[in-house]
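Generate a structure from the sequence data that follows.
(2 chains)
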Amino acid sequence: MALPVVAPGYRAFRLPRQEHGLEECQDALACDAERGRFAIADGAAESPYSSLWAQLLVDEFVRQSDRLPSWTSWLPSLQERWLAACGLALSRKRPTNAAVPWYLEPGLNQGAFATFLGLVIADNSWFALAVGDSCLFQMRQGELICAFPLTRAADFGNAPWLVGSRTSPIEVPQKYGLQQMGDCRPGDRLWLMTDALAQWFLIQAESGGKPWLALEPLVHATAEDAVAQQAFAAWIEGLRAARQLRNDDVTLLAVSV
Amino acid sequence: MPYSAEISRSNPTCFLFLIDQSKSMLGAIGGGQGKKKADAVADSLNRLLYTLVLRCVWGQSVLDRFHVGVVGYGRQVAPALGGALAGRELAPISELARCPLRVEQRVNLVDDGRGGQVEQIVKMPVWFEAAGDGKTPMCKGMERASQIISTFLLEHPACYPPLIVNLSDGEATDGNPEGPAQNLRELASEDGAVLLFNGHISSRSEQVIEFPDDEASLPDEYARRLFRMSSRLPPAMQNSARQAGLPVTADSRGFVFNADLASVVRFLDIGTRVDPKNLR
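Next comes the predicted model:
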């Protein structure tokens, strides 16, 4: 007899960098726990409308029905939607719009950019798709058993691979996007993090620490969500004050199988 | 560790440009009949200001991570921005973004994404017009810069050290500027000493040299003097320069000869950059 399918539980946190409001946060996340689909993205803030681009990416990935859709199948229509939302809908021709301030034009011409990490949990396995330095960590029985796509703290730089809203889907995402899968057991934790927190996590783990011990009570507490959010924000502020965490937007999507 | 302060709205740093506006700047680069040095400097400054503004674009706004000023030295030593910014020693970068003298439209050819090219109209702001009159009071220019930077440091004691960029043909007429330059470089925030970079536009040579680490390789005494006046690149800038393919060493100075300094703006670490590798 097949075991009943239980949707994975999750808790999501998203915080802007210091001095920035949540509306300025360039990170995005989306979840459909029933279908086991999760995604995070980190918009490159230098480009206009990059938070919109990051949100379009995660929402669309979660909506997709293919386990790991090919970039060429889902990116082009997403790029059209980004152009339309920016008021550049007329054509793919690069327009000069008198209403656009000169300093936004180069960014609009280049398009918006974001890292991307999508996760699908199905059939006692997980499948992930990544471009850039947003990371997935798999925990089992209190041990880190997988890190993807980056595995060392030294791998983080300030110029990660990015998915562009006006660049060809067969260039960066197709060529430099990475895929990974692994088995999944009840009790496993799958943590998706944008770069600042992911780098902190790997630095701690590499120096013999157990960063998951700090995260576990925050993300898997039974407390009401508002209480958990406050605790998470206070904990992040503490790490920033101790200069252990770069001042960057932080997203954590904690999934329990 | 010095040169590690975060550059942000609440802890901005300062860019001050010193521009040689003496009569000798009306001569041509390399001494020929080509582009005037004053025009090359104006183009270089406008490109630097353009790059600075773009580095502060965040979403749809411009964050005041920098305060920016331009001091000209020639017939007089005075703030040299015009229009709405006339007379200002420093202005927040968002004001600069809003207040160019004019925005020119240029036509560039860009890839159309289908293997061909298409004409694209690009908006290019102009803040600064070429000028050349009088002698070259570079020492006085350095002294004025020290006053402006001292005031900024009082207001922002923990800032990333201010950057001063001096663009000149190097032929000071009011003494040896190495002393005033040293006084300027000795100013410091809690994060390190002020950085003085020099861009030398020469009448004597058309050679291009970027971030040298040894004055012996330079073509004349004016270049060697400006080299000696220049700060070493901080380690983080060295790394960024190496990533950009420039062969810099630990002794490389913020000095360029017949080249522009827009690259130093890109070398500043103010968050994730959209690296050109992503633009394919």
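
Only C-alpha atoms from now on, for both contacts and neighbour counts.
Fine.

residue contacts, residue 30?
Picked chain A for this. Shown in contact with residue A:30 (CA atoms under 8 Å, 6 or more residues apart in numbering or on different chains): A:38, A:39, A:40, A:55, A:58, A:59, A:62.

ah, I was thinking of chain B
Applying CA under 8 Å, 6+ apart to residue B:30 gives the contacts B:202, B:203, B:204, B:205, B:206.

Leaving out chain neighbours, which residue sits closest to the closest residue to chain B within the stretch 1-150 of chain A?
Closest contact between the stretch 1-150 of chain A and chain B, by CA to the nearest CA, is at residue A:48 (4.4 Å). Among residues not flanking residue A:48 along the chain, residue B:59 sits closest, at 4.4 Å (CA to CA, 6 or more residues apart in numbering or on different chains).

quick one, phi psi at that neighbour?
phi 60, psi -120 (degrees, to the nearest 10).

Contact partners for it?
Counting by CA under 8 Å, 6+ apart, residue B:59 has contacts A:24, A:45, A:46, A:47, A:48, A:49, A:50, A:51.

of those, buried ones?
Buried residues within the contacts of residue B:59, counting neighbours by 16 or more other CA atoms under 10 Å in any protein chain shown: A:24, A:45, A:46, A:47, A:48, A:49, A:50, A:51.

The host helix or strand of residue B:180: what's the following helix or strand?
Residue B:180 belongs to helix B:178-186 when elements are defined using DSSP states H and E. Sequence-wise, the next helix or strand downstream of helix B:178-186 (DSSP H and E) is strand B:188-189.

Mind picking the two most distant members of the contacts of residue A:30?
A:38 and A:55 (12.3 Å; CA to CA).

Could you please give me the overlap between the contact lists of these two?
A:29, A:30.

neighbour-wise, which of those two wins?
residue A:38 (26 against 22; other CA atoms under 10 Å in any protein chain shown).

so where do the strands sit in the stretch 1-150 of chain B?
Using DSSP state E, counting those that start in this stretch, the strands of the stretch 1-150 of chain B run over B:13-20, B:57-58, B:61-62, B:66-73, B:77-79, B:91-92, B:102-111, B:117-126.

closest to residue A:18 out of the ones you listed?
For those, the distance to residue A:18 is smallest for strand B:57-58, at 14.3 Å, taking CA to CA.

is chain A contacted by that closest one?
Yes - against chain A, strand B:57-58 shows contacts by CA under 8 Å from any CA of the partner chain at B:57, B:58.

now the helices for the chain?
Assuming you mean chain A. Listed in chain order, the helices of chain A (DSSP state H) span A:50-63, A:71-85, A:105-110, A:172-176, A:195-206, A:211-220, A:225-241.

Correction: the question concerned chain B.
Under DSSP H, chain B gives helices at B:37-55, B:93-98, B:138-155, B:178-186, B:221-229, B:235-243, B:262-267.

Buried deepest among these, which one?
Across the helices of chain B, averaging neighbours per residue (mean count of other CA atoms under 10 Å in any protein chain shown) puts helix B:37-55 on top, at a mean of 22.

With chain A in mind, check whether that helix reaches it.
Yes - residues of helix B:37-55 contacting chain A under CA under 8 Å from any CA: B:53, B:54, B:55.

Kindly report the same for stretch B:90-105.
Yes - using CA under 8 Å from any CA, stretch B:90-105 reaches chain A at B:97, B:103.

any residue of the helix or strand bottoming out on mean pLDDT in chain A up close to chain B?
When each helix and strand of chain A is scored by mean pLDDT, DSSP states H and E, helix A:172-176 comes last, with a mean of 83. Yes - applying CA under 8 Å from any CA, one finds helix A:172-176 in contact with chain B at residue A:172.

Can you list the buried residues in that helix?
A:172, A:173.

Output the contacting helices and strands for that helix.
On a contact count with 3 or more CA pairs under 8 Å, 6 or more residues apart in numbering or on different chains; DSSP states H and E, helix A:172-176 meets helix A:71-85.

Just the residues contacting the helix it packs on, thanks.
Contacts to helix A:71-85, defined as CA under 8 Å, 6+ apart, come from residues A:52-53, A:56-57, A:60, A:89-90, A:165-166, A:169-170, A:173-174.

Next: stretch A:11-28.
A:40-45, A:50-51, A:54-55, A:58, A:194, A:219-220, A:229, A:232-233, A:247-255, B:10, B:59.

I'd like to know how far the residue of the stretch 51-200 of chain B found nearest chain A sits from residue B:47.
Among the residues of the stretch 51-200 of chain B, residue B:59 lies closest to chain A, at 4.4 Å counting by CA to the nearest CA. With distances taken as CA to CA, to the nearest Å, residue B:59 is found 21 Å from residue B:47.

that older thread, so for the residue of the stretch 51-200 of chain B closest to chain A, what's the pLDDT?
Looking at residue B:59, its pLDDT reads 80.

who's in contact with residue B:25?
Residue B:25 is in contact with B:36, B:37, B:38, B:131, B:132, B:168, B:169, counting by CA under 8 Å, 6+ apart.

What is the burial count for residue A:72?
Residues contacting residue A:72 under the criterion other CA under 10 Å number 14.

so where's the chain uncertain?
All of this refers to chain A. Along chain A, segments meeting pLDDT under 70 span A:1-7, A:88-98, A:221.

actually it's chain B I care about, not the one you picked
For chain B (pLDDT under 70), the answer is B:112-114, B:260-261, B:263-280.

Which residue lies nearest the spatial centre of it?
Taking CA atoms, centre = their mean, the centroid of chain B lies closest to residue B:165, which sits 4.2 Å from it.

What of chain A?
With distances taken as CA atoms, centre = their mean, residue A:40 lies nearest the centre of chain A, 2.2 Å away.

ok, that one - contacts?
Shown in contact with residue A:40 (CA under 8 Å, 6+ apart): A:27-30, A:58, A:116-118, A:134, A:192-194, A:251, A:253.

Same check on residue B:65?
Counted by CA under 8 Å, 6+ apart, residue B:65 has contacts B:7, B:8, B:9, B:10, B:11, B:12, B:13, B:56, B:92, B:93.

Pop out the phi and psi values for it.
Per-residue torsions, residue B:65: phi -80, psi -20 (degrees, to the nearest 10).

how about the helices of chain A in JSON lines, adding distance to residue B:142?
Compiled in JSON lines, these are given as follows (distance: least, CA to CA, whole Å):
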{"stretch": "helix A:50-63", "distance to residue B:142": "41"}
{"stretch": "helix A:71-85", "distance to residue B:142": "48"}
{"stretch": "helix A:105-110", "distance to residue B:142": "34"}
{"stretch": "helix A:172-176", "distance to residue B:142": "47"}
{"stretch": "helix A:195-206", "distance to residue B:142": "40"}
{"stretch": "helix A:211-220", "distance to residue B:142": "51"}
{"stretch": "helix A:225-241", "distance to residue B:142": "38"}
